[in-house]
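[1] structure for this input, please:
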Amino acid sequence: MSHDFHSGVFLNSQPAWHRLGLVLDGTLPAREAFRLGGADFHLAGRPVYDADMQPIDGYQAITRTDTGTTLSVMNATYEVVQNEQLIRVAEALHSDAVMDAVCVLAGGRKVTFTARVRQSEGEVLPGDPVNQYLVGCTSHDGTIAFSVFFSPIRVVCKNTLSPALGLASARSRRQQGCRIRHTRNANALISRLPELIDLQRQQFSGGLAELRAMAAAPCTAAQFRSYVETLFADQLRGSINDRRGDAATSRPRRLEDLPAWEGLSAKFDGQAIGSDIPGVQGSMWGAYQAVTEYLSHDAGRSRDPIEAARQRLEGLWFGKAAATLTQAHELALAATRS
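    Here you go, the predicted structure:
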């Protein structure tokens with residue numbers, strides 16, 4: 001397969017973005033979910049050899065002990081964080097959260113789980129609920145740190161919202177997740193999980209007030225256009241030729257030149273999932289949701305739809321899309337104060 005999905009289990013009868021993996025009714029204990037998702041494997045650092053089978057000093061091959069597959073070659077000081085640490089974090093949630101999914105990407109190079117946080121849900125508008133999720137992830141190729149963070153989801157369309165929900169200052173924003181690199185820190189994180197979840201519940205309550213303010217703020221077509229121009233400013237830099245190769249037809253880029261604009265505009269005009277809910281269309285909440293739906297469901301450069309979906313998932317959690325979500329949230333919130 002050209003995409004990076006390897007294995008996974010998806011609970012509560014909810015298929016994943018790629019329609020692959022095992023889908024089950026209800027939920028499962030964390031360790032069982034990791035086992036069924038193929039994410040309970042162990043790793044070891046093994047010697048690296050040159051073409052003459054002489055060991056290369058200063059490097060180790062990070063290898064799955066169950067299959068013998070080498071996931072990466074790292075320097076000798078790299079500390080392997082076992083998936084067991086993620087399992088322990090998930091188990092420590094106890095009654096605070098319900099397991100939702102476990103996913104293995106790229107043959108095991110990345111492992112993630114999601115769990116829905118109890119008592120962290122509410123409606124922005126009648127019939128338009130939002131839930132808070134906890135995401136745990138790690139990589140075995142150095143691309144992401146062992147991390148635990150929170151990710152709100154709009155239920156009606158499964159849009160991922162900004163993790164900055166309810167965080168009013170840069171100082172408090174640093175509390176939204178715990179991105180750590182060493183096994184020993186996982187133990188401290190586990191002991192702090194109840195405190196972190198309680199703090200997140202408080203912030204989530206404030207975040208609902210922010211989202212409701214967005215729903216109460218009108219947004220015209222001209223305002224939406226300005227909103228998108230700010231969010232995608234990096235893609236609007238420079239010029240473009242109306243006739244390919246003809247410098248005489250050069251002009252500044254505009255929104256209509258962006259592949260995303262047609263879809264974004266249509267979503268704002270009423271084609272987005274949930275736009276039929278009274279109060280959504282024509283509001284800053286509707287504008288924000290047009291962007292979050294695009295990033296959650298449509299973005300991705302690959303022609304392979306499954307690979308594009310994988311790119312969206314990683315972008316929303318670890319990449320540029322996460323920063324765009326936060327900026328979209330902040331701009332929509334600022335519009336409620338003007």
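
[2] any weak-confidence spans in the stretch 151-300 of the chain?
    Residues of the stretch 151-300 of the chain meeting the criterion pLDDT under 70: 158-159, 162-186, 300.

[3] can you rerun that using 90?
    Within the stretch 151-300 of the chain, the segments meeting pLDDT under 90 span 151-207, 238-249, 259, 294-300.

[4] give me the pLDDT value at the residue of the chain most remote from its centre.
    Among residues of the chain, the one most distant from the C-alpha centroid is D52; the distance is 43.3 Å, by Cα atoms, centre = their mean. With respect to pLDDT, D52 scores 92.

[5] please look at R64 and G108 and confirm they touch.
    Yes: between R64 and G108 there is a contact under Cβ atoms under 8 Å: 5.6 Å. Every residue, glycine included, has its C-beta placed from N, CA and C.

[6] between those two, what contacts are shared?
    F41, L71 (Cβ atoms under 8 Å, 6 or more residues apart in numbering).

[7] between these two, which one's more packed in?
    G108 (24 against 17; other Cβ atoms under 10 Å).

[8] my understanding was that the more buried one contacts L71; is that so?
    Yes: under the criterion of Cβ under 8 Å, G108 makes contact with L71 at 5.7 Å.

[9] what do these two both touch?
    Residues touching both G108 and L71 (Cβ under 8 Å, 6+ apart) are R64, H140.

[10] coming back round to it: how far away is the residue farthest from the centre of the chain from A266?
    60 Å (Cβ to Cβ, to the nearest Å).

[11] likewise I277?
    Noted for I277: a distance of 17 Å to A266, by Cβ to Cβ.

[12] what about the helix or strand where Q311 lies, average pLDDT?
    For Q311, the element it lies in under DSSP states H and E is helix 305-318. Computed over helix 305-318, the mean pLDDT rounds to 68.

[13] ok, stretch 100-113 next?
    Across stretch 100-113, pLDDT averages out at 90.

[14] check for me that P152 belongs to a strand.
    Yes: applying DSSP: H, G, I helix; E, B strand; the rest coil, one finds P152 inside a strand.

[15] how about it, nearest residue that isn't a chain neighbour?
    Nearest non-adjacent residue to P152, counting by Cβ to Cβ, 6 or more residues apart in numbering: L161, 4.1 Å away.

[16] what about the one you found, how many neighbours?
    Counted with other Cβ under 10 Å, residues neighbouring L161 total 23.

[17] also M53?
    Counted with other Cβ under 10 Å, residues neighbouring M53 total 6.

[18] got phi/psi on it?
    In terms of degrees, to the nearest 10, the main-chain angles of M53 are phi 60, psi 30.

[19] if I look at E123, how far off is I277?
    10 Å.

[20] what about the strands in the stretch 51-200 of the chain?
    59-64, 70-75, 97-105, 110-125, 128-139, 146-154, 159-160, 177-180 (DSSP state E, counting those that start in this stretch).

[21] save those as CSV, and put in distance to I197 too.
    Shown next, in CSV, are these (distance: least, Cβ to Cβ, whole Å):
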stretch, distance to I197
strand 59-64, 31
strand 70-75, 31
strand 97-105, 7
strand 110-125, 6
strand 128-139, 7
strand 146-154, 9
strand 159-160, 19
strand 177-180, 12
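
[22] out of those, which gets nearest to G21?
    With Cβ to Cβ as the measure, strand 97-105 is the member of these nearest G21 (7.2 Å).

[23] so how far is the closest one off the chain centroid?
    In terms of Cα atoms, centre = their mean, to the nearest Å, the gap separating the centre of strand 97-105 from the centre of its chain is 13 Å.

[24] likewise stretch 330-338?
    For stretch 330-338, the gap between its own C-alpha mean and the chain's C-alpha mean amounts to 23 Å (Cα atoms, centre = their mean).

[25] likewise for stretch 107-115?
    On Cα atoms, centre = their mean, the centre of stretch 107-115 falls 12 Å from that of its chain.

[26] S226: what secondary structure?
    Classified using three-state DSSP, S226 is helix.

[27] toward the C-terminus, what is the element adjacent to the helix holding Q311?
    Of the helices and strands lying after helix 305-318 in sequence (DSSP H and E), the nearest is helix 320-335.
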